[in-house]
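A.B. asks: got a structure for you, letters missing:
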């Protein structure tokens with residue numbers, strides 16, 4: 001099987017950003033072998049733009065907004081039968097530098113005894129060139145020799161990472177399934193990659209660089225958005241999941257507590273923001289974090 005790569009981009013009502021993302025993908029020094037746009041939009045603006053400017057790019061319409069989790073859930077299932085070895089996942093506000101994909105694949109030629117990766121991730125910068133606060137990888141520190149050997153090859157062993165420019169091997173998708181659709185956003189990618197990397201190797205390839213063009217360089221706690229509900233709910237889901245070993249769950253509980261405190265303080269403990277946190281905590285404790293069937297590659301396309 002050749003080293004083929006399918007790029008999957010999830011978009012929602014941002015045709016201008018998507019256009020910039022696609023131009024950057026098509027300008028790669030090592031272009032992906034196939035491209036798929038997963039459109040969560042309910043209107044026609046994105047599809048019209050793609051038909052006019054990128055008629056060669058396949059589009060999969062979900063019919064409603066399932067967030068990043070649902071978009072990559074559907075996109076991976078749709079493309080798995082294409083025969084690609086690697087799937088390159090990214091959001092529509094990601095702009096890869098011209099060598100991003102080539103540098104993501106480069107570590108495969110210089111492992112020199114390191115475990116073969118199931119996931120490879122890019123370094124993610126904000127528009128001013130600083131590291132993006134939403135996208136740092138979770139490092140893996142054990143065993144020590146593994147980390148040191150990887151560092152000598154300019155690789156960082158990861159325990160989890162985000163969807164903003166990551167490669168996942170088809171064997172990992174087949175073995176560990178797809179993202180859980182109803183997680184929607186925030187933490188869905190951490191759960192998915194942690195599910196895989198609990199058992200497999202993964203590396204940050206820092207010479208692969210992308211720009212994440214969010215409006216601000218922030219983490220979810222530094223906002224007033226009611227979508228912080230998903231951050232609280234999904235972190236509790238992760239505490240209940242099997243993606244993390246029990247000793248590791250302290251490192252989930254700590255950011256849950258500190259992030260919630262930061263969100264409430266940032267918003268001066270306004271009642272509406274307190275309600276966001278309480279709803280997230282309630283649903284995280286009482287609702288299902290996801291069944292084996294929902295994680296399965298053969299799961300129905302609707303959650």
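C.D. replies: Structure's in. What do you need? Note that the coordinates shown come from a computational prediction; the quantities given were computed from them, not determined experimentally. Residues are numbered from 1 along each chain as shown.
A.B. asks: can you map out the strands along the stretch 101-250 of the chain?
C.D. replies: Taking DSSP state E, counting those that start in this stretch as the criterion, the stretch 101-250 of the chain contains strands spanning 117-125, 138-139, 156-160, 166-169, 201-212.
A.B. asks: Tell me which of these lies nearest to residue 43.
C.D. replies: Among the strands of the stretch 101-250 of the chain, the nearest to residue 43 by CB to CB is strand 201-212 (24.5 Å). C-beta here means a position set from N, CA and C on the backbone, and glycine is covered the same way.
A.B. asks: Give me the buried positions along the closest one.
C.D. replies: Across strand 201-212, burial judged by 16 or more other CB atoms under 10 Å covers 201, 202, 203, 204, 205, 207, 208, 209, 210, 211, 212.
A.B. asks: That strand packs against which elements?
C.D. replies: Judged by 3 or more CB pairs under 8 Å, 6 or more residues apart in numbering; DSSP states H and E, the packing partners of strand 201-212 are strand 94-96, helix 100-105, strand 117-125, strand 156-160.
A.B. asks: can you list the ones you listed in a markdown table and add mean neighbour count?
C.D. replies: What follows is the helices and strands packed on strand 201-212, written out as a markdown table (neighbours: other CB atoms under 10 Å):
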| stretch | mean neighbour count |
| --- | --- |
| strand 94-96 | 24 |
| helix 100-105 | 22 |
| strand 117-125 | 24 |
| strand 156-160 | 22 |
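A.B. asks: Make CSV out of the ones you listed and add mean pLDDT.
C.D. replies: Output for these, formatted as CSV (pLDDT from 0 to 100):
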stretch, mean pLDDT
strand 94-96, 98
helix 100-105, 97
strand 117-125, 98
strand 156-160, 95
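A.B. asks: Pipe these into JSON lines and attach distance to residue 254 per row.
C.D. replies: Formatted as JSON lines, these follow (distance: least, CB to CB, whole Å):
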{"stretch": "strand 94-96", "distance to residue 254": "28"}
{"stretch": "helix 100-105", "distance to residue 254": "30"}
{"stretch": "strand 117-125", "distance to residue 254": "22"}
{"stretch": "strand 156-160", "distance to residue 254": "15"}
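A.B. asks: Residue 15 and residue 223: what is the separation?
C.D. replies: Here residue 15 is placed at a distance of 24 Å from residue 223 (CB to CB, to the nearest Å).
A.B. asks: Can you tell me which of the strands of the stretch 101-250 of the chain is nearest to residue 182?
C.D. replies: Residue 182 lies closest, by CB to CB, to one member of the strands of the stretch 101-250 of the chain: strand 156-160, at 19.4 Å.
A.B. asks: just the helices in this structure please.
C.D. replies: Assigned by DSSP state H, the helices in the chain fall at 15-26, 45-53, 67-79, 100-105, 144-152, 170-176, 188-197, 228-240, 250-266, 271-286, 292-295.
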